[in-house]
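Trainee: Curious how this folds, go ahead:
(one chain, ligands or ions: 1)
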Amino acid sequence: MARLTAISGVGAKGPACFLVEAGAARLLLDLGYGPNPGQWPDVEGVGRVDALLLSHGHRDHAGALKLAPQVGNPPLFATAAVLDRLGRSAGGTVLPLQGNSEVCGVRVRTGRNGHAPGGVWLHLDIGDGLLYTGDYGVESPIYAYDPPPPAGTVVLDGSYGDYSGSIEDCVAHLAPAFDRGAVLLPVPPDGRGPELAYQFSTSHGILPCIGADLRASLERLASAERGSLRPGVATLLARIARDAPPIAEPRGILLTGRADASDGEAADLATRWERQAAPEIVFTGYFPFGTPAHRLVGARRASYIRWNAHPRLEDNLSLVRAVEPRTVMPAFGDARHLAAWSRAFAPARVTIEREITLSA
Ligand SMILES: [Zn+2]
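Mentor: Down below sits the predicted model:
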C-alpha cells in the first residue's frame, strides 16, 4: 500500500512538504519555508526519508533545507539549475528538465513547470501514478511548460483558488503604469522578474532599468538555464541582461528584488522614494503581513496588480481533464475554495485531507 501525507502545504498558503511512502521507499517532495515569517513545516514525526526531491528553488518549496538533518540528511534530487541556484551542486543528484530518472527504486518522470528557472513537475510511477505539480503555470511568456502524463492522483497548484483572470488581463492592468513611465516593480529575480522585463521590452520596445540581482538571473537564464525557456526567448533576455541600464533615478520601468521590498535594492529604493510622488510602486505577487509591501499598499503609497505566476482555475481544470486522476489534492490554496474545486474537477474526488492512500 502506498500513502501520501501532506506534511505542509494543504488547506492554506504555507510551505510545501509532502511525504510519499511506497513499499520500502520513503520520499520527501519539497521542503519549503514561508511564505509568511516563521512558517516552518513540522517534520518532527516524519522520521528518516530515503530521498528529498525538489520541484523548484523558490523559498516556499526549498527554503527549509536546514531541517534535512531531522529527516536523516537524505540525498537531494533536483534539476541542475535548481541545485546551482541553491548552491547545492556538489551534494545533489541532477534530475532532467524533461525525462525519466530512478530514485530509490521509484521511476520519476519530470517536465518543465512554466514557473521558474529549472522548475519541474514530478510524476512518480507508484500505483496508477502520482503527479505532484509543485507550482506551475501555462501562461508564462518565457518559462516553458510540458504537459504531464496521466496519473491516478494529482497534487496540484491551487494557489489562486477559483481566480480566473488571464495574463493578458495582468498586462492590461499594468499597461497604464508602464505608460506613465515611472514605476518601481519589486520582483523575484528567479520568477516574475525576468517575465516582467521581457513583457515590458516586447510591449514598449525599450529596455527597463534592472537591479544587479535580476541582471545576474537573466544572464543565467539566457545561457546555462535556457532549457527552461520557451523557444526564441533567450536572445531578448540576453540583450536585456547586457544592455538594460541599472536603476539610478525614479524614471522609467524599474525592476529589482526582493519582491516584497523586505530586502535588497527594492528595500533601499522603496525607503528612499516612499515620501515622494514618483515613482509609482507596484507589487505583483503575494506579500506577507508586516513586510514593506504590506505597509506601503496599506498606506496607498503602493498598489498591488497581480501578475499570474500560478494556474487559474481553468488551467487546473485542463490539467485534470488531460491527466484524468481519480483523486485531486489542491495544494497551496485556501480551504475555502474546496467547493469550487470539487465542482470544477468532478468526477474526480477532491480532498484536502492530510493523508491519503494512493490507488494501486
Ligand atoms: Zn514557486
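
Trainee: Flag every residue of this structure that's near the ion.
Mentor: His58, Asp135 (CB under 5 Å from the ion). All C-beta spots, glycine's among them, are computed from the backbone N, C-alpha and C.

Trainee: Which residue lies nearest the spatial centre of the chain?
Mentor: Centrality entry for the chain: nearest residue to the mean C-alpha point is Asp135, 4.6 Å, by CA atoms, centre = their mean.

Trainee: Give the helix, strand or coil label for it.
Mentor: Taken by DSSP: H, G, I helix; E, B strand; the rest coil, the conformation at Asp135 corresponds to coil.

Trainee: same deal with Gly127?
Mentor: Assigned by three-state DSSP, the conformation of Gly127 is coil.

Trainee: Return the residues in contact with it.
Mentor: Counting by CB atoms under 8 Å, 6 or more residues apart in numbering, Gly127 touches Ala2, Ala22, Gly152, Thr153, Leu358, Ser359, Ala360.

Trainee: Report the buried residues of the helix or strand containing Arg220.
Mentor: Using DSSP states H and E, Arg220 maps to helix 212-222. Neighbour counts over helix 212-222 (16 or more other CB atoms under 10 Å) mark Asp213, Leu214, Arg215, Ser217, Leu218, Glu219, Arg220, Leu221, Ala222 as buried.

Trainee: Which neighbouring elements make contact with the next helix or strand along the chain from it?
Mentor: Moving toward the C-terminus from helix 212-222, the first helix or strand encountered (DSSP H and E) is helix 234-243. Helix 234-243 is packed against helix 192-204, helix 212-222, with contacts defined by 3 or more CB pairs under 8 Å, 6 or more residues apart in numbering; DSSP states H and E.

Trainee: So for the last one, mean pLDDT?
Mentor: Across helix 212-222, the average pLDDT comes to 98.

Trainee: Closest one of the buried residues of helix 212-222 to the ion?
Mentor: When the buried residues of helix 212-222 are compared for distance to the ion (CB to the ion), Ser217 wins out at 14.1 Å.

Trainee: Contact partners for the closest one?
Mentor: Pro117, Pro189, Asp190, Gly193, Pro194.

Trainee: among those residues, which two are most distant?
Mentor: Based on CB to CB, the longest span within those runs between Pro117 and Gly193 and measures 10.6 Å.

Trainee: Just the buried positions in the helix or strand bottoming out on mean pLDDT in the chain, please.
Mentor: Every helix and strand in the chain was compared by mean pLDDT, DSSP states H and E; the lowest is helix 167-180, with a mean of 92. The neighbour-count check on helix 167-180 (16+ other CB under 10 Å) flags Ile167, Cys170, Val171, His173, Leu174, Ala177, Phe178 as buried.

Trainee: what is the orientation angle of it with helix 192-204?
Mentor: Orientation note: helix 167-180 sits at an angle of 70 degrees relative to helix 192-204 (axes from the mean of the first three to the mean of the last three CA atoms, to 10 degrees).

Trainee: name the helices or strands packed onto helix 167-180?
Mentor: helix 192-204, strand 280-283.
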